[in-house]
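Trainee: Pasting the sequence and the predicted coordinates here, then a few questions.
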Amino acid sequence: MKHHAYRIPAAEGVIVDALAATDGTVAGADGERYTVDRGLPTVPSVLYDAVLLPGGPVGTPPATAAPDAMRFVRDAYRHGKPVGAFGSGVGILSALEPTGLRLSTGFHRMVSDRGVVTDMAPGTAGEEFLGAFVAAIAAHRHWDRPPAHH
């Protein structure tokens, strides 16, 4: 069993918590089991400086049906926190309907817009994505983004 599916290099000084619908473990797209640090129903986004939404290949069942996940992401987005998403994780941001915010819409196309970094590529985040996400975190808050409607 692995602890975290996705890691930003420790040299960046980032501490990562894996959040999911419930405590315990979750299955990754690679078939591995990953430890969950905290269940979303008990965690407010105010405790975190940024959110990363890893996803599987486009077409993976979306987490948009999970109210706790949507609440967490919506709150982080509205508070101007950096949000990164790749693969099917981009669908969660799309569901917020942020009018005027550019999101990745094509396969392997990385987009960074006002602290929101997206890439439709499935699997793990690439170096370009990680660099843009770390830069968004370093900028701390992004108050100039459009509102989320959902």
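Mentor: Perfect, thanks for sending it.
Trainee: Just the buried residues of stretch 135-150, please?
Mentor: For stretch 135-150, the buried set under the neighbour-count rule, 16 or more other Cβ atoms under 10 Å, comprises 136-137, 142, 145, 148. Any C-beta I mention is one placed from the backbone N, CA and C, and that applies to glycine too.
Trainee: Now intersect these with the helices, please.
Mentor: Among those, the ones falling in helices (DSSP state H) are 136-137.
Trainee: how about the buried residues of stretch 135-150 in a markdown table, adding distance to D113 and pLDDT?
Mentor: What follows is the buried residues of stretch 135-150, written out as a markdown table (distance: Cβ to Cβ, whole Å; pLDDT from 0 to 100):
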| residue | distance to D113 | pLDDT |
| --- | --- | --- |
| A136 | 10 | 94 |
| I137 | 15 | 92 |
| H142 | 9 | 93 |
| R145 | 8 | 90 |
| A148 | 14 | 83 |
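Trainee: Spatially, which two of the buried residues of stretch 135-150 are the most separated?
Mentor: Based on Cβ to Cβ, the longest span within these runs between I137 and A148 and measures 19.5 Å.
Trainee: what ranges do the helices span in this protein?
Mentor: The residue ranges that make up the helices of the chain, judged by DSSP H, are 67-78, 90-95, 127-138.
Trainee: Just say which of the ones you listed is most tucked in.
Mentor: Per residue and on average, the most neighbours among the helices of the chain fall to helix 90-95, with a mean of 21 (mean count of other Cβ atoms under 10 Å).
Trainee: coming back round to it: dump the buried residues of stretch 135-150 to a markdown table, plus distance to S88.
Mentor: Formatted as a markdown table, the entries for the buried residues of stretch 135-150 read as follows, by distance: Cβ to Cβ, whole Å:
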| residue | distance to S88 |
| --- | --- |
| A136 | 20 |
| I137 | 22 |
| H142 | 23 |
| R145 | 22 |
| A148 | 19 |
